[in-house]
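> take a look and give me a structure for this.
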Amino acid sequence: MKITHIRIQNLRILQDIEFLPAAGLNVITGDNGAGKTSILEAIYLLGQGKSFRHTEAGPLIRKGKDSALVVADIQNDAGVKTRIGIQRSKRQFVARHAGQDIARRSELFRLLPLLLITPQSHELIERGPELRRRFLDFGLFHVEQSYHQVSLSYHRALKQRNSALRSGDIRLARSFNEQLIANSSIILQSRQLLSQAIETYLVDFLSRIGFKDGISLHLYQGWKGGMSLEEALRRSEDQDLKRGFTSAGVHRSQLKILTAGSPVDKVLSRGQQKLLVYGLVLALCELMKEKKAVTPLLLIDDISAELDTGNAQKVLDYLRNMDLQLFITALDFTRYEPTPDTKVFHVEHGKL
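Sure thing, here's the model as predicted:
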């Protein structure tokens, strides 16, 4: 998947810019506050239907304007060209593809698959298990066609069971157990297979860039080992009634990332953690290409964040061999080795 042309209007500091990206590496340079990250944010908005910086629409829209607009011509891996656009006001969100309204964000996910790395991406490792569950589920959305519906069915039943628990109706809560159990089996198996595949690509990436610490991924199911989910749900009924939520299930599963048996966030430096994040995201990129023949876009905000020049150059060298369209921001790109197909755009006061 590639963007061949993009126009951005009234998004943060960006008033009205348009450009033709390269099919490979696109570097956006400029001072802090010039609008570099806002360009990535516009692309992310097209593929995800939301900002990665704020949940509210207000800060996204240029001061004094009613709405922000992003329109892009895209080309999929088969060479088919089409156009998508997003208009975001404080009260309304409109997404269109080929002249037709888009009703669900999941449609945008499939139209413009993309992955993002920011200076905050180390939270994937340092924060609790929810972010890592989301990471796996995002990957499964793209590599396993049926997974999205299974996940929706599970969480719908979970929501209904929790509502029954809060009302004190244990018989009603039990009526959702069968649906939870059936979907949990599929979700757990899918996550397990994906985490194993990610680990394979991750280890390869880390070895190629000279990362010496051994890394392994371990998926924990979300209830006590040695028992079925049916038994776990039965045993936790009293506790669940008191708390008003379901304490056992794949919504509580954990992806643990270990080195020499210890959690990586307790052992590795911030720079090593950032390299690990790159490995996880790039592993997912490779799997999306392999399993679904879909090549995602990759957005990287501040390539030098937490990385010294040497490690950042190793990452860039690896990326250049992946056949991805890349959008990277940097204060200064002159320290890195350019390639003939790299396009460098400079942003100053919101102008490109």
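
> show me where pLDDT drops low in the chain?
55-58, 293, 338 (pLDDT under 70).

> residue nearest the centroid of it?
In the chain, the residue lying closest to the centroid (CA atoms, centre = their mean) is residue 115, at 5.0 Å.

> I'd guess that one is in a strand, am I close?
Yes: judged by DSSP: H, G, I helix; E, B strand; the rest coil, residue 115 forms part of a strand.

> quick one: the strands in the stretch 151-300 of the chain?
216-220, 254-259, 262-263, 297-300 (DSSP state E, counting those that start in this stretch).

> run the chain-centre distance for the third one.
Read it as strand 262-263. 23 Å (CA atoms, centre = their mean, to the nearest Å).

> buried residues in the lengthiest helix in the chain?
Under DSSP state H, the helix in the chain containing the largest number of residues is helix 177-208. For helix 177-208, the neighbour count (16 or more other CB atoms under 10 Å) marks 177, 179-181, 183-184, 186-188, 190-192, 194-195, 197-199, 201-203, 205-206 as buried. Backbone N, C-alpha and C define where each C-beta goes, glycine included.

> what of stretch 235-252?
236, 237, 240, 241, 246, 247, 248, 249, 250, 251, 252.

> so the second one versus residue 220, what's the distance?
So the one you mean is residue 237. According to CB to CB, to the nearest Å, residue 237 stands 22 Å off from residue 220.

> same deal with the first one?
Here residue 236 is placed at a distance of 16 Å from residue 220 (CB to CB).

> give me phi/psi at the closest residue to residue 274 other than its chain neighbours?
With sequence-adjacent residues excluded and distances taken as CB to CB, 6 or more residues apart in numbering, residue 274 is closest to residue 306, at 4.0 Å. As for residue 306, its main-chain torsions (degrees, to the nearest 10) stand at phi 70, psi 0.

> check the burial of residue 306 by counting its neighbours.
18 (other CB atoms under 10 Å).

> surely it touches residue 119?
Yes: the pair residue 306 / residue 119 is scored as a contact, 7.0 Å apart, by CB atoms under 8 Å.

> before we move on, back to that, so who does the residue nearest to the centre of the chain touch?
Residue 115 sits next to 281, 284, 285, 296, 297, 298, 299 when contact means CB atoms under 8 Å, 6 or more residues apart in numbering.

> and which of these is nearest to residue 229?
Nearest to residue 229 out of those is residue 284 (CB to CB; 26.9 Å).

> show me the contacts for the closest residue to that closest one other than its chain neighbours.
Leaving aside its chain neighbours, residue 284 sits nearest to residue 139 (4.8 Å; criterion: CB to CB, 6+ apart). When contacts are counted by CB under 8 Å, 6+ apart, residue 139 is found next to 194, 198, 284, 287, 288.

> excluding chain neighbours, what is closest to the second one?
Taking CB to CB, 6+ apart as the measure, residue 198 lies nearest to residue 283, with 4.5 Å between them; neighbours along the chain are not counted.

> against residue 115, how distant is that neighbour?
Counting by CB to CB, the gap from residue 283 to residue 115 is 10 Å.

> domains of this protein: list them as residue ranges, please.
For the chain, the structural domains run 2-113+295-346, 127-262, going by automatic domain parsing.

> can I get those domains in TSV with distance to residue 272?
Output for the domains of the chain, formatted as TSV (distance: least, CB to CB, whole Å):
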stretch	distance to residue 272
domain 2-113+295-346	9
domain 127-262	7
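
> and the helices in this protein?
Going by DSSP H, the chain shows helices at 36-48, 105-111, 123-126, 129-143, 147-166, 170-174, 177-208, 229-235, 237-243, 264-267, 270-292, 309-320.

> who touches the third one?
Right, the one you point to is helix 123-126. Contacts of helix 123-126 (CB under 8 Å, 6+ apart): 131, 132, 135, 257, 264, 265, 273, 276, 277, 280.

> wait, the fourth one sits on residue 264?
I take that to be residue 257. Yes: using CB under 8 Å, residue 257 is in contact with residue 264, at 4.9 Å.

> which residues do those two both contact?
125, 215, 276.

> tell me the contacts of the second one?
When you say that, I think you mean residue 215. So residue 215 contacts 199, 202, 203, 206, 257, 258, 259, 264, 276, 279 (CB under 8 Å, 6+ apart).
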